[in-house]
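Colleague: no sequence for this one, just the structure:
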């Protein structure tokens with residue numbers, strides 16, 4: 001932990017702390033601020049930020065309590081701390097409350113049902129083997145681009161049955177959706193619209209085509225949506241919103257956990273050695289990677305009425321931000337929470353997938369991709385060595401990497 005940031009976090013008045021500043025995540029200096037909030041103000045009000053006033057919820061159990069309480073805390077209006085542009089609304093089912101949420105979510109869960117995941121595993125393994133066997137030896141390269149993005153984009157293309165040679169469009173659209181100023185990024189909405197409208201046009205054509213496909217023979221996401229009465233009648237912008245939700249959920253989260261795992265093992269070399277001695281620990285390492293990385297830092301809600309938490313009165317209409325990143329470092333719940341421990345007891349006890357009705361529907365697919373990847377990595381490489389500085393994205397929502405320079409050392 002950077003000593004300067006530690007000092008700054010504890011010297012400024014607590015009411016002046018603003019953990020929505022994207023620089024704290026880009027520079028990886030957010031930790032002492034969250035630590036102080038957990039200790040001194042677990043329900044903390046920030047009066048001024050680029051995203052307006054908001055409450056921060058930073059402890060594990062408090063986050064769970066808010067996340068499951070959709071009677072008092074609404075998802076309507078978006079789940080990131082930033083506000084949507086009023087003239088570019090793209091709602092989706094994660095930013096909806098019951099009963100609408102359940103109908104839309106149910107329409108696409110078939111693609112990650114256990115039976116379908118079993119079929120996908122062989123495809124994932126084949127893709128992983130191909131990607132790993134093509135990596136350059138004795139040469140520095142960007143792990144984010146050659147492995148993390150490539151694997152998750154291939155998987156997305158499979159789930160959508162998207163034209164494989166155009167799969168990087170999915171990556172570009174995901175990046176457009178998550179690098180806006182509303183998330184602490186650099187792209188204003190007007191610069192994103194053209195690309196996102198291209199996304200809508202492309203997928204509208206796919207949906208129209210697949211309305212004629214037999215859903216008994218095709219279980220890709222677009223065919224499922226085209227034949228579901230809840231989803232095939234969506235207005236264009238709501239269709240776009242749900243597409244972006246599925247693209248981001250299948251891309252950014254897994255891709256940054258893939259990068260985060262390599263980074264963590266280099267930060268904690270004794271854990272890497274433990275893994276070499278017992279490769280079967282991949283099974284418990286995967287959820288630990290997801291906890292330690294926490295690829296989505298937060299979700300936000302809006303109070304539907306006045307609610308009291310820890311003596312603080314959250315007013316109706318107030319913005320409430322559940323900082324999953326902080327909850328996953330809560331030492332009162334997770335022992336040695338700042339450490340990366342691949343044989344941790346109960347490694348799935350984390351908040352990275354959310355909790356309650358909005359829990360990530362693709363959590364098992366994400367874990368499967370990471371497990372298969374690391375099983376094949378351990379068969380090929382003694383070490384994936386980080387040889388330069390990791391570059392993080394500027395976002396208070398996506399905790400991700402743009403660059404992770406590595407060199408692989410084969411067995």
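Modeller: Great, that's in hand. Predicted model, so just to flag it, every value in this text is computed and none were measured.

Colleague: residues near the nearest residue to residue 199 once chain neighbours are set aside, how many?
Modeller: Using CB to CB, 6 or more residues apart in numbering and skipping the chain neighbours, the partner closest in space to residue 199 is residue 173 (4.4 Å). All C-beta spots, glycine's among them, are computed from the backbone N, C-alpha and C. Residues lying near residue 173 (other CB atoms under 10 Å) number 24.

Colleague: residues contacting residue 173?
Modeller: Contacts for residue 173 (CB atoms under 8 Å, 6 or more residues apart in numbering) come out as 195-196, 198-199, 244, 247.

Colleague: ok, now how distant is it from residue 331?
Modeller: Using CB to CB, to the nearest Å, we find residue 173 at a distance of 38 Å from residue 331.

Colleague: before we move on, what about residue 149?
Modeller: For residue 149, the distance to residue 331 - CB to CB - is 33 Å.

Colleague: again with residue 285
Modeller: In terms of CB to CB, residue 285 sits 21 Å off from residue 331.

Colleague: residues in contact with residue 53?
Modeller: 45-47, 318-319.

Colleague: Can you select the buried ones among the residues you listed for me in PyMOL?
Modeller: Applying 16 or more other CB atoms under 10 Å to these leaves a buried subset, and the PyMOL line that selects it is:
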select buried, resi 46+318+319
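
Colleague: Serialize the contacts of residue 53 to TSV and add fields for secondary structure.
Modeller: Shown next, in TSV, are those (DSSP: H, G, I helix; E, B strand; the rest coil):
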residue	secondary structure
45	strand
46	strand
47	coil
318	coil
319	strand
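
Colleague: Kindly indicate which of the contacts of residue 53 lies nearest residue 123.
Modeller: Nearest to residue 123 among these is residue 319, at 40.8 Å by CB to CB.

Colleague: Does that closest one touch residue 300 like I think?
Modeller: Yes: using CB atoms under 8 Å, residue 319 is in contact with residue 300, at 5.9 Å.

Colleague: intersection of neighbour lists for these two?
Modeller: 54, 81.

Colleague: would you list every one of the strands in the stretch 251-400 of the chain?
Modeller: Ranges of strands within the stretch 251-400 of the chain are 298-303, 307-309, 312-314, 319-323, 381-386, 391-392, based on DSSP state E, counting those that start in this stretch.

Colleague: Using a markdown table, please lay out those together with distance to residue 367.
Modeller: Putting those into a markdown table (distance: least, CB to CB, whole Å) gives the following:
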| stretch | distance to residue 367 |
| --- | --- |
| strand 298-303 | 20 |
| strand 307-309 | 31 |
| strand 312-314 | 34 |
| strand 319-323 | 22 |
| strand 381-386 | 20 |
| strand 391-392 | 23 |
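
Colleague: This completes my enquiry, with thanks.
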